[in-house]
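*Asks:* Can you look at this prediction? I've put the sequence above it.
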Amino acid sequence: MLQEEQIKYFKLPFGKNKQETLVISVLDSSGSMRQVWPTLADCYNRYIVDLTKNYYNTCFDTKCYDVGKRKLSEKLNDYGGGGTHITQAFQNLNFLLKKYKNMPITVIFVSDGQGDTNGLDKINPGQLPFLNFICVGVGKGFPTFTAMKLREIFHNGDNQVPQVFLIDMEAGFEKEFHEKFQMIQKYIQCRQIFKTSPCLQYPWEREFLENFPAETWVASFDDEIICEGNKIQPTKIFIQELLEISKFWLQNLQAESLKQDVSQKATEAVKEITKLFEYAYPQKQANRKLKKLTFAARLKERLNMCDTLEESEFNHIVQQINNLKQKDYLKNLTEAEAAKRLAIGTQAGHFLDKAIKWRGLSVEAFKLDRDELANILNNNYFVQNQNMKSVITMQNQKEILLEQDFIQGLQLCPSQYDLVPSLPLIGYAVEVYLSSASDINSWLVQVRNVARFNKYVDTLTVQQAGKNRVRLNTGGDDYEEVNCVLPLISANEDKDLIPFYKSRIFHSLMTFNLIKNIDQCDTTAHGALLANTYLHLIQLERSEFRDQMIDMVKNTFDLCYKDDLQSFYTLLKEKPQFALMVEHPTKKYDTKCEDPSKALIVLEIIKDQLTPQELENIVERIIIEIIGRCNKYSVENFILYTNLKNYEQIWKDIIIKIYTEKGKLGLKQIPKEEKFPFQQSVLEAVTNELKKQEIVLNKQHFKNIGNFRYEPNVINSICKHFLNRNVDIEFIFACLYHSRNKTPKLRAKNEFERDVQKILDGAIKEHIFNVIQYTFDKACHDKSDYISCVRLLYEGY
C-alpha cells in the first residue's frame, strides 16, 4: 500500500439534496412465491410505492407483466404463478431502462429460487444512468450467483448500497419482510453526488476519483480534501467509525471475491483496520486484560462501556475479512451459504441490526432463556470441586455458577450481546479451523489439536487474546495455540453440570465460542464440537492420553444428548444407512445426520452392544456416506482409479472398425434409429477387449478422495480404530462408484455393489453411452455423416 502510514480517512457530509429517483421492481411471481406473495405485495406497497413518487412495477414468471404505476395485487395469479424465466425478466428491464436515460434509478429484484438464465450473459444495457441494484433473497433457494451477476451487469451506482437482504423463512417471513423493507427504504433515493479533490474509495486502490455519493468514506494522503468547494478535515476514528469503514470494505470485497482473487486486497484491508484500531485505542489492549471479577461485576463494568456491542460486531467483521485473506471466497460456497455470507457484510449491522437472526430470538425470548437458567440454578444443587479449572483464571464452571451475585447479574443482563463477553465457559483447550461452510453449519468445523499440558481455559481469555488465539507455554520456547473451549464432564461428580449444559444460554455461549456468531443459538454446537474432537482423537497414535480423552468426550456426549437422540441411537444400530441421511423427507424416521462425525461418536458409545458383523456393517455404511458426501462423481474421473492404460486406444480402434463396416454400407446421413445399435456395438467390443486385461486399481490416485476433514488417512483411521485393520482399497473403489447416487437418500435406498468387475463394467457402459449420446445426437442434429460422427467421438474422448 502506498505510504500506508500517512493515509487519512474522510466521511463526506450528508447530502441535503436527494436525487429524484425512479424505483423499478423486478418481482418473481412464479408459483413458488405463492406463500409469501400477499406479504411481499403488502410490504412493497407500504414501504416503497406509498413513499415514492416515481416507481414502475414489473413481475415475471415465464412471462413479464408490466404493472406500471399501480400498486401490487395480493393475488399471485394476477401475475402468472407459473415457472421462472429470469433472463426474460431482465431483457424486459433492459428495454425499460432505454426509456429512462436521464434520471437515477434504483432496481429492486426479489426472488426465491433458480430459473431459466440462458442468454443472461448476452444482456448489454449499454450506457446506463446512475443505477443502484438491490436484491431481496427469499429463503434458501435464492439464486445468489445469478443475482450477483445481474448486479455486475446493471449496478454502477453507490457502493454503500447492500447487495443482498435475506428473508429468513424460519424466523417468520411476515416479520422478516417488514423489517427488511424498512431497511431498504434508506437506499431507495439515490444520494447526492459530491465533487471532491482526487481521493481513493479504498486504501488498496491506485485510481483516484473525484465524484462520490454523500456520506461515503474516502481516503487521501493529504491532510485535508476539498468537497464541493469546502475544505474537510480527516474524520476522527472511534469504534462506530471503524464499524462503518470495515463493513463498507467487507461488503465490496465479498462481492468482488465472486469473480476474482481478493486475498491481497483483504490483507491490506486488515492491516489498515488494525492500524486504525490501534491509533484510536492506544490503551485498549492494556485495558482489556482479564480481571478477577465475578460474572455480575464483569457485566456491570461492561454495561458502563459504551462500545461493548460495537466492539463485538467490529471483531466479527474483521474475522470475515480475514476469511477472504485466506482465500475463503463466496464462489466456493453453495448459493444459500453465499447469500448468508453476503448478508453478514452488507446489511446494516451484523450484530446491532441482526442481519442474520438469532433463529428469531427477540429480547423477550432472551429473557425467557435467562429465566430458564435462573430456574436451573435455583432447582439444582451443585457440589463444588477442584475439577477443570481454567489455567488463566483458576476458576471452574461450578465456581462461576455458584457466585453469590450470579443470579443477580443474570437478571441485569439485557441481551445476548452483553452475555457473551461477560459469562465465561470453562472447558478443554482445543484448536479448531473454521471454513465458510462451518461458519453456517457448526458440524463442519475441523478440530486440529487438543491441549496436552495447559488443558483447561475459559472463553473470555480466548475472546480477549489477539486474533482469538491463546498461546499456552508448555516449557522453554514451546507453545500450544488454542482458539476454542470444549466443556466436558470429567468425572461422576460433575454430572450435576448437565442441566446447565442443556440450557439455551449455554448453547448460545457455545455458538459464539465455536463459530463466533453471536446472532444465532445453535443447540447442536456443543455436540458438534464433541463429535469433531472425537474424530480428531481417533486419528492419534494409541496412548493413555488418547484413550482417556476419547472416554471423556464420548461420555459427555452420551450424558448430555442421549435422551434427545435416542431415535438416532436406535436407527444407527438397526438401519445405519437410514440413520446417515441428512434429514428424512417423510416423518418415518425422526432423525437427522448433519455430519458423519455424529454417527462416529454415537457408534463409539454403542459399539459394545454390537456383534462384530453389526459393527463392521455400520463402519462401512459411515465410510460409504463420507465418500458420498465428499466426492463429486463423474464416470470419466472414476475410470482413472484403474490402470486401464489401453482403454483410450481400445475405444478409438473399435470406433474406427465400426465406422469402416458402416461405411461399406454407403450410409451418409445418420438415422436416429442407428444410435442404440451403435452404442451396443461399441460397448460389446470394448467389454470383450477389456476382459483380456488384468484390472489393477491405481492406489496413487486414491490420495485425491475426500476433503480436508475426511482425507484418506482419516478414513483409514476410522477403520483401524473400530475394526483394527486398514480399509480395503477395493471397498473404497466401490464407495466411489456408489457416490454416483448424489444424495444420502439415494445412497441409502440403492444397492451397494462390491464386485470390482461388475463396477468397472457398469462404469464403462455409462461412459460409452454418455459420450455416444452426446456425439451421435449432435451429428444427427447437424445432419452429419458417419465420418463427422466418428471424428467427434475420436476427438471428444
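*Replies:* That came in fine, so what should we check first? As the structure is a prediction and not an experimental result, all values here were calculated from the model. Numbers count the residues shown, from 1 in each chain.
*Asks:* For the residue lying closest to residue 82 once chain neighbours are set aside, give its distance to residue 133.
*Replies:* Among residues not flanking residue 82 along the chain, residue 61 sits closest, at 4.2 Å (CB to CB, 6 or more residues apart in numbering). For the C-beta atoms, the positions are set from N, CA and C on the backbone; glycine is no exception. Distance of residue 61 to residue 133, given as CB to CB, to the nearest Å: 21 Å.
*Asks:* now residue 509
*Replies:* Where residue 133 is concerned, residue 509 sits at a distance of 39 Å (CB to CB).
*Asks:* hmm, who's touching the helix or strand containing residue 370?
*Replies:* Under the assignment given by DSSP states H and E, the secondary-structure element containing residue 370 is helix 363-379. Helix 363-379 is touched from outside by 361, 401, 406-407, 410-411, 413-416, 499-500, 503-506, 508, 521, with contacts defined as CB atoms under 8 Å, 6 or more residues apart in numbering.
*Asks:* Pretty sure residue 429 sits against residue 479.
*Replies:* No. Contact between residue 429 and residue 479 fails when scored by CB atoms under 8 Å: they sit 11.9 Å apart.
*Asks:* neighbour count winner among those two?
*Replies:* residue 429 (27 against 14; other CB atoms under 10 Å).
*Asks:* On the three-state scheme, the more buried one is what?
*Replies:* Of the three states, residue 429 takes strand under DSSP: H, G, I helix; E, B strand; the rest coil.
*Asks:* lowest average confidence, helix or strand, in the protein?
*Replies:* Lowest by mean pLDDT, DSSP states H and E among the helices and strands of the chain is helix 284-287, with a mean of 46.
*Asks:* Quick one: name whatever helix or strand follows it.
*Replies:* helix 295-303.
*Asks:* And that following helix, what does it pack against?
*Replies:* Packing contacts for helix 295-303, counted by 3 or more CB pairs under 8 Å, 6 or more residues apart in numbering; DSSP states H and E, involve helix 406-412, helix 416-419.
*Asks:* Format those as a markdown table; extra columns: mean pLDDT and mean neighbour count.
*Replies:* As requested, those are arranged in a markdown table below (pLDDT from 0 to 100; neighbours: other CB atoms under 10 Å):
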| stretch | mean pLDDT | mean neighbour count |
| --- | --- | --- |
| helix 406-412 | 88 | 17 |
| helix 416-419 | 80 | 22 |
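*Asks:* Let me have the ones you listed in a markdown table, extended by distance to residue 615.
*Replies:* What follows is the helices and strands packed on helix 295-303, written out as a markdown table (distance: least, CB to CB, whole Å):
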| stretch | distance to residue 615 |
| --- | --- |
| helix 406-412 | 45 |
| helix 416-419 | 42 |
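*Asks:* Out of the ones you listed, the one nearest residue 239 is which?
*Replies:* Judged by CB to CB, the one of these that comes nearest to residue 239 is helix 416-419, at 13.9 Å.
*Asks:* Quick one: distance of the closest one to the chain centre.
*Replies:* Put simply, helix 416-419 sits 24 Å off its chain's centre (CA atoms, centre = their mean, to the nearest Å).
*Asks:* From the contact counts, what lies against whichever helix or strand comes after the helix holding residue 370?
*Replies:* Tracing the chain past helix 363-379, the next element assigned as helix or strand by DSSP H and E is helix 397-401. Contacting helix 397-401 under the criterion 3+ CB pairs under 8 Å, 6+ apart are the following elements: strand 426-433.
*Asks:* Buried residues in the strand it packs on, which are they?
*Replies:* Judged by neighbour count (16 or more other CB atoms under 10 Å), strand 426-433 contains these buried residues: 426-432.
*Asks:* go on, stretch 609-628?
*Replies:* Applying a neighbour-count criterion of 16+ other CB under 10 Å, one finds 615, 618-628 buried in stretch 609-628.
*Asks:* what does stretch 474-493 give?
*Replies:* Under the neighbour-count criterion of 16+ other CB under 10 Å, stretch 474-493 has 480, 482-490 buried.
*Asks:* Just the terminal-to-terminal distance for it.
*Replies:* The distance separating the two terminal residues of stretch 474-493, taken as CA to CA, to the nearest Å, comes to 29 Å.
*Asks:* What of stretch 376-387?
*Replies:* Here the two ends of stretch 376-387 are set 21 Å apart, with distance taken as CA to CA.
*Asks:* now that stretch: how far from the chain's centre is it?
*Replies:* Between the mean C-alpha location of stretch 376-387 and the chain-wide mean there is a distance of 38 Å, by CA atoms, centre = their mean.
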